[in-house]
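> dropping the sequence and predicted coords here.
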Amino acid sequence: MPARLTAVISSLNGAARIHRVLDALEAQTIRPELEIIVVDDGSSDGTADVARDRGATVFQHEHNQGVSGARNTGARTAKAPVVAFLDDDCAPPPGWAEALLSGYAEDVTGVGGPALPEGGRGFLARYVERNNRHQPQELELTRSHALPYRFFLYLRRQWVTREPPPVHDVYALTGSNMSFRREALLSVGGFDPAFRFGGEEEDLTRRLRGAGHGRMRCVQAAWTFYRFEPTLRGLLRHSVAYGRGNALHYRKWPEVRPTVFPWPLLVLTLLAAGVFLPPLAAAGLLLPLGLYPAGLRNALRRRSLEPLADPYLRLLQEACENIGFAHGAWKYRRAFEAPRRAP
């Protein structure tokens with residue numbers, strides 16, 4: 001039976017965790033029509049041997065090429081007309097592949113679903129569950145790149161919570177749970193290897209839209225769990241990496257404005273001014289509770305004081321994204337042939 005869907009798992013030193021995603025793919029309702037490819041992206045722990053023993057098709061990179069390079073290897077070698085991408089810490093339910101395929105209409109190029117955190121212990125794990133950022137991006141992002149409009153959407157995400165419909169169009173899919181028509185994906189050159197971690201899915205979406213393949217759809221039933229034990233250092237390193245990904249977009253795409261989060265700068269200013277005017281320092285300490293109201297909402301809903309710490313960690317993450325953006329904007333200032341000019 002020919003494959004209808006190829007699932008590509010990119011992995012770096014995932015020998016201890018890749019069993020879970022392979023078990024989940026073996027349990028898919030359309031398993032006879034599912035091809036499973038594991039790309040070992042320069043591992044040193046025998047990831048390829050583990051995946052090969054489980055019956056997956058395995059490709060190995062001698063050296064680490066980053067998530068974009070690994071996904072490109074899987075897409076080029078896939079046999080199915082639709083290629084899906086998962087991380088090695090994911091575990092989709094049995095109906096995941098079938099739900100993805102159900103989202104494809106004639107003019108739909110990509111289909112994905114939410115990635116939901118699961119299984120961690122301690123405050124940081126609960127924080128990630130309460131503040132999950134692995135969601136497809138809203139369709140409104142296609143309307144304008146103007147900074148005031150983007151700032152409006154940012155504020156709305158802080159203050160307004162909305163349940164998405166079961167199937168809806170989106171701007172971009174989340175990297176750990178997405179699929180594309182293989183022909184369209186390869187026609188634009190696949191993922192840009194310059195995006196080693198963070199921002200690669202949005203860059204691909206921009207190029208697909210430019211080539212007339214821009215309709216992306218989220219199917220809520222095509223969700224997957226992802227499991228990891230977060231550390232503060234790991235969360236902040238990821239935030240810096242996301243900031244560098246934003247800087248790559250800024251340098252590569254003339255219409256993209258700088259992605260700088262304002263609240264860390266505001267709070268830092270108040271704290272610094274508080275050296276001379278103590279009430280300003282008190283305002284700076286309390287302000288995050290109003291800037292990120294989800295913490296207060298979760299504290300009231302769960303009848304727990306723990307979520308009141310969330311706004312301060314969110315503020316720290318955004319500060320790290322600003323640092324990553326500043327570093328990336330300098331590092332990639334000559335990364336592309338055409339210099340980026342302000343409109």
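Alright, I've got the coordinates.
> low-confidence stretches in the stretch 101-250 of the chain?
Filtered on pLDDT under 70, the stretch 101-250 of the chain yields the residue ranges 119-120, 140-142.
> wait, what's in contact with Val260?
Going by C-beta atoms under 8 Å, 6 or more residues apart in numbering, Val260 touches 322, 325. Yep, even glycine has a C-beta here, placed from its N, CA and C like the rest.
> which helix or strand contains Gly69?
Per DSSP states H and E: Gly69 is located in helix 66-77.
> what angle sits between whatever helix or strand comes next after that helix and helix 66-77?
Remark: after helix 66-77, the chain's next helix or strand is strand 82-87, criterion DSSP H and E. Strand 82-87 runs at 150 degrees relative to helix 66-77, counting by axes from the mean of the first three to the mean of the last three C-alpha atoms, to 10 degrees.
> helices or strands up against strand 82-87?
Applying 3 or more C-beta pairs under 8 Å, 6 or more residues apart in numbering; DSSP states H and E, we find strand 82-87 packed against strand 5-11, helix 66-77, helix 96-102, strand 177-181, helix 182-187.
> for stretch 292-310, output the C-alpha coordinates as PDB.
Taking Å, rounded to 0.1, in the frame of the first residue of the first chain, the C-alpha atoms of stretch 292-310 are listed here in PDB:
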ATOM      1  CA  TYR A 292       1.000  39.700  31.900                       C
ATOM      2  CA  PRO A 293      -2.500  39.100  33.400                       C
ATOM      3  CA  ALA A 294      -2.600  35.400  32.700                       C
ATOM      4  CA  GLY A 295      -0.600  34.900  35.900                       C
ATOM      5  CA  LEU A 296      -3.300  36.500  38.000                       C
ATOM      6  CA  ARG A 297      -6.100  34.700  36.100                       C
ATOM      7  CA  ASN A 298      -4.400  31.400  36.700                       C
ATOM      8  CA  ALA A 299      -3.800  32.200  40.400                       C
ATOM      9  CA  LEU A 300      -7.500  32.900  40.800                       C
ATOM     10  CA  ARG A 301      -8.700  30.000  38.800                       C
ATOM     11  CA  ARG A 302      -6.400  27.400  40.400                       C
ATOM     12  CA  ARG A 303      -6.600  29.000  43.900                       C
ATOM     13  CA  SER A 304      -2.800  29.000  44.100                       C
ATOM     14  CA  LEU A 305      -0.200  31.700  44.500                       C
ATOM     15  CA  GLU A 306       2.300  29.900  42.300                       C
ATOM     16  CA  PRO A 307       1.100  31.400  39.000                       C
ATOM     17  CA  LEU A 308       1.800  34.900  40.300                       C
ATOM     18  CA  ALA A 309       5.500  34.100  39.600                       C
ATOM     19  CA  ASP A 310       4.700  33.500  35.900                       C
END
